[in-house]
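Q: using only what follows, build the 3D model:
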Amino acid sequence: MKRSSPEKILVTGGKGMLGRTLQCELGMASANGATPEIVVADLPDWDVTDDAGFLAKTLAVRPDVIIHCAAMTKVDVCETNRDLAFRLNEEGTRNVALAAKACGARLIAISTDYVFSGEPPREPWAWSETDIPRPQTVYGASKFAGEQMVQMIHPDNSVILRIAWLYGAGGPSFVHTMARLGAQAGEPLKVVDDQRGNPTSTKVVADVIRFLLTRPDVSGIVHGTCEEQCSWYGLTKELFRLLGLTREVVPCTTEEFPRPAPRPRNSALKKGVLNVLGYRTPDWKAALAEFVKADAELSALKGGPEL
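A: Next up, the predicted model:
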């Protein structure tokens, strides 16, 4: 029987940026006053690639829900380390799905916009949950392989939650990098303007997961990014406006910054499932403003360098 209010939540990769936010946000009391126990499953004590070891630890804990954040997410590193990327993102997810099934836990597996090609076949450019993935990178392919493992092993009690352009407290993230650069004096910053997506805070993802925890009837693929889309240049301009940073930012093309892994031209995600359920994520500008206001590291950078 699926619990509508989990008593124990296991978070793989719980020490990472998203995992840290989930510990804070999901560890608070729910509407009914209950506070779930959060179990952090991360290295060195927990290893998702250790099939027998991970299963044994999970069975000992017996979580009601597993939120699977652990992954190899450095896109360029994945491109040059294919075997390791698939070991972590495909085999590791398989082991987590098997453990969830063995203990009867609901599984929420975090995935990515990189499962899509980045060249949407229609306007407006936003990928729906029913679109066919065609990953163009090792990272995207390994994450899509992980999605398939979840769907094969634990289809009836799992959600694949795709997120994108993530930033959160403590980073590392594009937002933190650009804020630090913007606070320094120097030449104009060139930022790519021909890639589009949905900037999304870890707080927004945590809110989506909190909602999904109230809907144990939901399974399958769900997109969980902020509403509306922009380019990396547009994101940087809005970030600098919020922080009062005056360093000049100029748009450039993807070709001006070649990387080992190709970047999708457009990986914006349509939130079809959430919208049908009556849930809407905030506009990316509103979420960014909330984050900038609350984040101590960014607040320290406001106004830029002292001249």
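
Q: could you give the bridge partners of residue 163?
A: Here residue 163 sits in beta bridges with residue 112, going by DSSP bridges.

Q: how many residues are close by it?
A: Look at residue 163: counted by other Cβ atoms under 10 Å, it has 23 neighbours. The way it works is simple: take the backbone N, C-alpha and C, and place the C-beta from them, glycine included.

Q: what's the spacing between it and residue 190?
A: According to Cβ to Cβ, to the nearest Å, residue 163 stands 27 Å off from residue 190.

Q: same question, residue 245
A: Counting by Cβ to Cβ, the gap from residue 245 to residue 190 is 16 Å.

Q: between these two, who's got more neighbours?
A: Counted by other Cβ under 10 Å, residue 245 and residue 190 do not tie: residue 245 has more neighbours, with 22 against 15.

Q: that one: what's it in contact with?
A: By Cβ atoms under 8 Å, 6 or more residues apart in numbering, the contact set of residue 245 is 179, 182, 183, 239, 301, 302, 303, 304.

Q: ok but the fourth one is inside a strand, no?
A: No - checked against DSSP: H, G, I helix; E, B strand; the rest coil, residue 239 lies outside a strand; its state is helix.

Q: that one reaches residue 182, doesn't it?
A: Yes - counting by Cβ atoms under 8 Å, residue 239 sits close enough to residue 182 to count as a contact (7.3 Å).

Q: farthest pair in the contacts of residue 245?
A: Comparing all pairs in these by Cβ to Cβ, the longest separation belongs to 239 and 303, at 13.6 Å.

Q: where does the stretch 101-250 of the chain dip in pLDDT?
A: 120-124 (pLDDT under 70).

Q: all helices for it, in order.
A: Assigned helices in the stretch 101-250 of the chain, in chain order: 138-153, 174-182, 202-213, 232-243 (criterion: DSSP state H, counting those that start in this stretch).

Q: of all those helices, which lies closest to residue 159?
A: Taking those one by one with Cβ to Cβ, helix 202-213 is closest: 5.9 Å.

Q: contact partners of the closest one?
A: The set of residues that contact helix 202-213 without belonging to it, under Cβ under 8 Å, 6+ apart, is 5-6, 17-18, 20-22, 24-26, 65, 67, 108, 110, 159, 161, 163, 166-169, 218, 222, 224-226, 274, 277, 279, 281-282, 287, 290-291.

Q: then stretch 215-223?
A: Residues outside stretch 215-223 that contact it (Cβ under 8 Å, 6+ apart) are 2-4, 106, 127-129, 147, 155-162, 208, 212, 269-274, 277.

Q: redo that, cut-off 6 Å
A: For stretch 215-223, the surrounding residues in contact (Cβ atoms under 6 Å, 6 or more residues apart in numbering) are 2, 4, 129, 158, 159, 160, 161, 162, 269, 271, 273.

Q: redo the residues you listed as CSV? Include distance to residue 58 and neighbour count.
A: As requested, those are arranged in CSV below (distance: Cβ to Cβ, whole Å; neighbours: other Cβ atoms under 10 Å):
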residue, distance to residue 58, neighbour count
2, 17, 15
4, 22, 12
129, 28, 16
158, 15, 26
159, 18, 25
160, 19, 25
161, 19, 23
162, 24, 25
269, 30, 27
271, 30, 23
273, 27, 20
